[in-house]
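1. quick one, fold the following:
(2 chains)
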Amino acid sequence: MTKLTHEISVSYAFIERNFNLLKRYLNWEILFFTYSIVNALTIGLIMVGRGSSRDVLYLVIGALIWGFLSVMMREVSDAITWERWEGTIEYTFMAPIHRMTHLVGSCFFAILYGLLRTGIVLAVMPIFFGKHVDLSGANWLTMMVVVAVSSLSFIGIGLIAAIFPLLSPEKGQAATGILQSIVLLISGVYYEIDVLPSWLQVLSKISPATYTLRSIRAAMLDGASIASQTHNLILLLFIGLITIPLGFWVFDQGEKYAKRVGRLKRSG
Amino acid sequence: MVVHQVIKHFYRKKPLSADEKPSFMQKVHHLFRRDKEVIKAVDTISFEVGMGQIYGILGPNGSGKSTLIRLISTLLLPDSGHITVCGNDVVQDSFKVRQMINRVSVEASFFKKLSSEENLIYAARLYGVPVRQARRKAGQILRRIGFDTKRIDEQMENLSRGMQQKVAIARALLTSPILLLLDEPTTGLDPKSKRDVQQCVDEIRHEHDAIILLTTHDMEEAEKMCDRIAIIDDGKFIAEGTAKELKSLVTKAGGEATLEDVFIELTGNDLREEG
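-> Numbers count the residues shown, from 1 in each chain, chains lettered A, B, ... in the order given. Below is the predicted model:
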């Protein structure tokens, strides 16, 4: 087995394990899917009868994309939390695997799971909104490119957030939740960021979700081309190129700290 | 494997005095105070174990056995001293060391919603063991230690603690480790399962020429299985030798001292009370 195929096989172990877990917690998954669909519906329906179909779509895009991005942000961190609860983290850390391979596996699962979840919600939307959502002018290619590029920066944030449960499962989950809610507030998920106080708008400018939502809305509402979104794509790529290495570095530091003070054990 | 002058201390906040009820201000002050008490989990421990040997560590709960195992298995960083496995340092060459070791802990840690097979395949993938080979080998090991392989598809949470522990042993053996760390592997097992596991460990020693480090509460197990035994208390090795050598440390009227007599004499503790 070559080195690369070995690393791919190890990464696949995490994807396979997480999908196996997903099957075993099917009831919870049904709940999450139902919640995602209802959430997107209730937010979109606020505007039905009050605004144009463009306004409805504006909100629905916010709900859908936020659903996808929040999965990206949470999933790596949740995988670590899960391992802490089950007590298997010591076995994962004791295995002869590179941390990057471990985390890349978790990130790939996050992308696949996020796409699956968002795809299902997206497929259900026309049943409820009918003529209120018009996607005939949408540029799907631009949308997919923006999703792909923005995934990088959210994976980076997810890697940084994964440090929290590594050090403390209870406090870590809370910290990840707080981080996620701040990104939700500042990124213009359901409104334009200029309605925020000026001091918060500073934070909006460093949130990758701000540029992701802008470009996806441009693609879905106005059929914007990839070329017209170059500026946002470059910014997203830049954030990704900073957050991913930073995420690995932060996780590595956290792992060393956990090994120094004995935070990996569950008990005993 | 060489463990040389290893020290591992942990630090925790000093608890408030239990004698008096603290005031609000004392509680606030306690929240921010930085002075900590030192827990000497492993205190200047040295020993060596050669290929094909089983080295036993006997000690009560909280004596430092599991900390020592975690230090060897690269899950903790020592404060000072060094540990080498086949010449590889556990801190500097941790990747190489991890390729050579595996561990069975007292608490079988698994994804409880997954089946034994799913857990074992996951572990095999992490160690680069091909899935088909892992299935075959896992079946062989599980049968050998008396696990009913018809239940391999059952979720782990439906298995008894003894059965879970057998899967944990299979997980460790699946990767053919050069150094096998057994942290109280038979605790909680019924007598038959215990014997099966002990026989299996003995076979591994003879067949694979592995180094085996066994921590236990069970004096009989230590005496029966280990080539050498160390008694650990408060993070220190207080005695070390073969079972015979240890027994000779204590004189007992009316016959030879047992390992338990030695333990009580040296530590002032009774393992049965602790365990």
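2. going forward, measure contacts between C-alpha atoms and count neighbours the same way
-> Will do.
3. name the nearest residue to the residue of the stretch 151-268 of chain A found nearest chain B, sequence neighbours excluded.
-> The stretch 151-268 of chain A approaches chain B most closely through residue A:259 (4.3 Å), counting by C-alpha to the nearest C-alpha. The spatially closest residue to residue A:259, leaving aside those adjacent along the chain, is residue B:76, at 4.3 Å (C-alpha to C-alpha, 6 or more residues apart in numbering or on different chains).
4. swap in residue B:111?
-> residue A:86 (6.0 Å).
5. tell me if I'm right that the one you found and residue B:114 touch.
-> No - using C-alpha atoms under 8 Å, residue A:86 makes no contact with residue B:114, being 11.3 Å away.
6. what helix or strand does the residue of the stretch 151-268 of chain A closest to chain B sit in?
-> Using DSSP states H and E, residue A:259 maps to helix A:230-261.
7. show me what from the stretch 101-250 of chain B comes close to chain A.
-> Applying C-alpha under 8 Å from any C-alpha of the partner chain, we find that the stretch 101-250 of chain B lies next to chain A at B:102, B:106, B:109-114, B:118, B:122, B:125-128.
8. looking at those, which is nearest residue B:9?
-> residue B:106 (21.9 Å; C-alpha to C-alpha).
9. SS state for the closest one?
-> coil (DSSP: H, G, I helix; E, B strand; the rest coil).
10. what about it, neighbour count?
-> Counted by other C-alpha atoms under 10 Å in any protein chain shown, the residues lying close to residue B:106 total 20.
11. residue B:249 now?
-> Using other C-alpha under 10 Å, residue B:249 has 15 other residues around it.
12. same check, this time on residue A:213
-> Neighbours around residue A:213, by other C-alpha under 10 Å: 26.
13. got the angle for the helix or strand where it lies vs helix A:230-261?
-> Using DSSP H and E, residue A:213 falls within helix A:208-222. Using axes from the mean of the first three to the mean of the last three C-alpha atoms, to 10 degrees, the inter-axis angle of helix A:208-222 relative to helix A:230-261 is 150 degrees.
14. what packs against helix A:208-222?
-> helix A:53-86, helix A:140-161, helix A:230-261 (3 or more C-alpha pairs under 8 Å, 6 or more residues apart in numbering or on different chains; DSSP states H and E).
15. which one, of these, ends up nearest to residue B:139?
-> Nearest of those to residue B:139, taken as C-alpha to C-alpha: helix A:53-86 at 24.1 Å.
16. average pLDDT across that closest one?
-> What helix A:53-86 shows for mean pLDDT is 90.
17. now the angle from that helix to helix A:140-161?
-> Using the same axes, to 10 degrees, helix A:53-86 lies at 30 degrees relative to helix A:140-161.
18. using the three-state scheme, assign the one residue in the stretch 51-200 of chain B that gets nearest to chain A.
-> Closest residue of the stretch 51-200 of chain B to chain A, C-alpha to the nearest C-alpha: residue B:76 (4.3 Å). Classification of residue B:76 by three-state DSSP places it in coil.
19. low pLDDT regions in chain B?
-> B:16-20, B:30, B:33-34, B:269-275 (pLDDT under 70).
20. make it 50
-> Residues of chain B that meet the criterion pLDDT under 50 lie in B:273-275.
21. picking up where we left off before, wait, what's in contact with the residue nearest to residue A:259?
-> A:258-262, B:67, B:70 (C-alpha atoms under 8 Å, 6 or more residues apart in numbering or on different chains).
22. max pairwise distance over these: which two?
-> Across the contacts of residue B:76, the longest distance by C-alpha to C-alpha is 13.6 Å; it joins A:258 and B:67.
23. hmm, who's touching the helix holding residue A:213?
-> Contacts to helix A:208-222, defined as C-alpha under 8 Å, 6+ apart, come from residues A:54, A:57-58, A:61-62, A:65, A:69, A:135, A:137-140, A:142-143, A:146-147, A:150, A:153-154, A:183, A:186-189, A:204, A:224-225, A:229, A:232-233, A:235-236, A:239.
24. at 7 Å instead, please
-> Applying C-alpha atoms under 7 Å, 6 or more residues apart in numbering or on different chains, the contact partners of helix A:208-222 are A:54, A:58, A:61-62, A:135, A:137-139, A:142-143, A:146, A:150, A:153, A:187-189, A:204, A:224-225, A:229, A:232, A:236, A:239.
25. returning to what we had before: need the helices and strands packed on helix A:208-222 in a markdown table with mean neighbour count, can you?
-> Listed next are those as a markdown table, based on neighbours: other C-alpha atoms under 10 Å in any protein chain shown:
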| stretch | mean neighbour count |
| --- | --- |
| helix A:53-86 | 23 |
| helix A:140-161 | 23 |
| helix A:230-261 | 18 |
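26. in a markdown table: the ones you listed, plus distance to residue B:84.
-> Output for the helices and strands packed on helix A:208-222, formatted as a markdown table (distance: least, C-alpha to C-alpha, whole Å):
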| stretch | distance to residue B:84 |
| --- | --- |
| helix A:53-86 | 28 |
| helix A:140-161 | 32 |
| helix A:230-261 | 17 |
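27. which stretch among the ones you listed comes nearest residue B:50?
-> Proximity to residue B:50 (C-alpha to C-alpha) singles out helix A:230-261 among the helices and strands packed on helix A:208-222, at 26.8 Å.
28. what is the closest one packed up against?
-> Packing partners of helix A:230-261 (3 or more C-alpha pairs under 7 Å, 6 or more residues apart in numbering or on different chains; DSSP states H and E): helix A:140-161, helix A:163-167, helix A:208-222.
29. buried ones in the longest helix along chain B?
-> For chain B, the helix with the greatest residue count under DSSP state H is helix B:191-208. Neighbour counts over helix B:191-208 (16 or more other C-alpha atoms under 10 Å in any protein chain shown) mark B:193-198, B:200-202, B:204-205 as buried.
30. contacting residues for the residue nearest to the spatial centre of chain B?
-> Residue closest to the mean C-alpha point of chain B, counted by C-alpha atoms, centre = their mean, is residue B:183 at 1.8 Å. Taking C-alpha under 7 Å, 6+ apart, we find residue B:183 in contact with B:66, B:104-106, B:214-216.
31. and which of the residues you listed is nearest residue B:135?
-> Distances from residue B:135 to the contacts of residue B:183, taken by C-alpha to C-alpha, are shortest for residue B:104, at 19.2 Å.
32. what separation do you get for the residue nearest to residue B:216 when sequence neighbours are not counted and residue A:75?
-> Ranked by C-alpha to C-alpha, 6+ apart and with sequence neighbours excluded, the top spatial neighbour of residue B:216 is residue B:184, at 4.7 Å. Shown here: residue B:184 relative to residue A:75, a distance of 34 Å by C-alpha to C-alpha, to the nearest Å.
33. do the same with residue B:156
-> To residue A:75, residue B:156 is 24 Å away according to C-alpha to C-alpha.
34. can you check residue A:179 too?
-> In this view, residue A:179 and residue A:75 are 14 Å apart by C-alpha to C-alpha.
35. before we move on, what about residue B:258?
-> Residue B:258 is 54 Å from residue A:75, by C-alpha to C-alpha.
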